[in-house]
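Participant: heads up, no residue letters with this:
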């Protein structure tokens with residue numbers, strides 16, 4: 001009886017220790033290789049993950065290599081169970097986007113991933129940051145990164161990866177026996193897919209200040225006669241600036257330009273997904289007598305019951321206003337709202 005109680009716990013502890021050692025060993029061996037590459041000035045930059053792996057395999061023993069179209073040949077199972085209980089097809093892990101890696105001024109994981117099986121039989125999928133800067137061969141580095149940019153203690157930080165420690169045994173569960181190494185996740189980077197576009201998770205923008213939007217030498221924002229935008233704002237597609245705290249302009253900045261925000265047509269299509277019968281809702285249609293279908297949380301959106309929510313579009317109506325769509329429990333409307341509104345969400349196209 002005592003054995004029946006104690007043995008399961010004991011076996012779990014033993015398995016946890018074995019798995020922890022497998023994880024530590026894989027990270028250690030990979031980082032030893034990148035340490036060696038750093039000492040020779042070979043960490044970066046590279047034009048693609050393929051180009052990086054061409055160099056990596058001189059210092060890291062690789063038994064098998066698979067391109068992005070044949071990743072399954074370097075992975076023991078067809079699928080990985082994600083944290084939300086859904087199954088992810090490993091063959092769809094094409095680029096760093098599927099490791100939830102962002103593209104910004106310091107990072108670009110957009111090249112095709114490469115699958116490998118290490119000499120000790122560990123399957124890995126690698127994605128290299130094409131914007132990774134060369135590391136100083138004379139410095140000592142560790143593993144950490146910040147916003148995709150290696151800091152003073154990162155050698156493996158130029159690579160996002162997942163690897164598997166469970167072999168052909170099931171289940172293959174992400175963050176249990178499928179391990180993220182510098183990766184942010186696994187699966188589709190799209191929170192919402194409409195009109196052939198992939199949008200990331202909805203977010204509340206950080207406002208852009210008037211000085212940042214209009215330029216440091218701009219006049220007071222409440223002087224309507226002198227509203228204007230600086231060169232930075234114009235590069236993002238913002239034609240005018242007015243508010244001291246401009247949340248719409250902040251959304252544009254976070255998305256990287258108006259061309260990377262949801263259009264009014266996109267918001268109409270998103271609205272059609274949230275109401276029973278999937279009604280056809282055009283860019284500037286107001287539709288009433290609807291019944292909310294409960295699917296907003298699946299898209300990362302708040303439920304429109306009991307409160308409504310609002311999402312900015314890419315369209316600037318004037319120096320002080322922008323177009324948006326309102327989502328309510330029984331209706332949806334397009335609208336024009338002041339750009340200093342802090343209670344609105346935004347969506348960015350994920351490249």
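Facilitator: Received it, and whenever you're ready, just let me know what you need. Model, not experiment: these values are computed from the prediction.
Participant: And for residue 315, the neighbour number?
Facilitator: Residue 315: 17 surrounding residues under other CB atoms under 10 Å. (Glycine included, C-beta is placed from N, CA and C.)
Participant: and it, which of the three is it?
Facilitator: Classification of residue 315 using DSSP: H, G, I helix; E, B strand; the rest coil returns strand.
Participant: Identify the residues contacting it.
Facilitator: 258, 263, 264, 322, 323 (CB atoms under 8 Å, 6 or more residues apart in numbering).
Participant: what stretches of the stretch 101-250 of the chain score poorly on pLDDT?
Facilitator: 141-154, 218-226 (pLDDT under 70).
Participant: just the strands in it please.
Facilitator: Secondary structure of the stretch 101-250 of the chain (DSSP state E, counting those that start in this stretch): strands at 114-118, 123-128, 143-146, 149-154, 159-164, 178-181, 192-194, 197-199, 208-209, 245-246.
Participant: Pipe the ones you listed into CSV and attach distance to residue 288 per row.
Facilitator: Conversion of the strands of the stretch 101-250 of the chain to CSV gives the following (distance: least, CB to CB, whole Å):
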stretch, distance to residue 288
strand 114-118, 51
strand 123-128, 46
strand 143-146, 48
strand 149-154, 49
strand 159-164, 46
strand 178-181, 45
strand 192-194, 22
strand 197-199, 26
strand 208-209, 34
strand 245-246, 31
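Participant: Let me know which of those is the nearest to residue 314.
Facilitator: Among the strands of the stretch 101-250 of the chain, the nearest to residue 314 by CB to CB is strand 197-199 (11.5 Å).
Participant: Show me how far the closest one is from its chain's centre.
Facilitator: 12 Å (CA atoms, centre = their mean, to the nearest Å).
Participant: Export the strands of the stretch 101-250 of the chain as JSON lines, with columns for distance to residue 57 and mean neighbour count.
Facilitator: Below are the strands of the stretch 101-250 of the chain laid out as JSON lines (distance: least, CB to CB, whole Å; neighbours: other CB atoms under 10 Å):
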{"stretch": "strand 114-118", "distance to residue 57": "8", "mean neighbour count": "22"}
{"stretch": "strand 123-128", "distance to residue 57": "11", "mean neighbour count": "26"}
{"stretch": "strand 143-146", "distance to residue 57": "21", "mean neighbour count": "15"}
{"stretch": "strand 149-154", "distance to residue 57": "21", "mean neighbour count": "17"}
{"stretch": "strand 159-164", "distance to residue 57": "13", "mean neighbour count": "25"}
{"stretch": "strand 178-181", "distance to residue 57": "17", "mean neighbour count": "20"}
{"stretch": "strand 192-194", "distance to residue 57": "36", "mean neighbour count": "19"}
{"stretch": "strand 197-199", "distance to residue 57": "32", "mean neighbour count": "19"}
{"stretch": "strand 208-209", "distance to residue 57": "45", "mean neighbour count": "20"}
{"stretch": "strand 245-246", "distance to residue 57": "49", "mean neighbour count": "24"}
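Participant: Give me the pLDDT for the residue most central in space within the chain.
Facilitator: Residue closest to the average C-alpha location in the chain (CA atoms, centre = their mean): residue 100, at 3.9 Å. Predicted confidence (pLDDT) for residue 100: 88.
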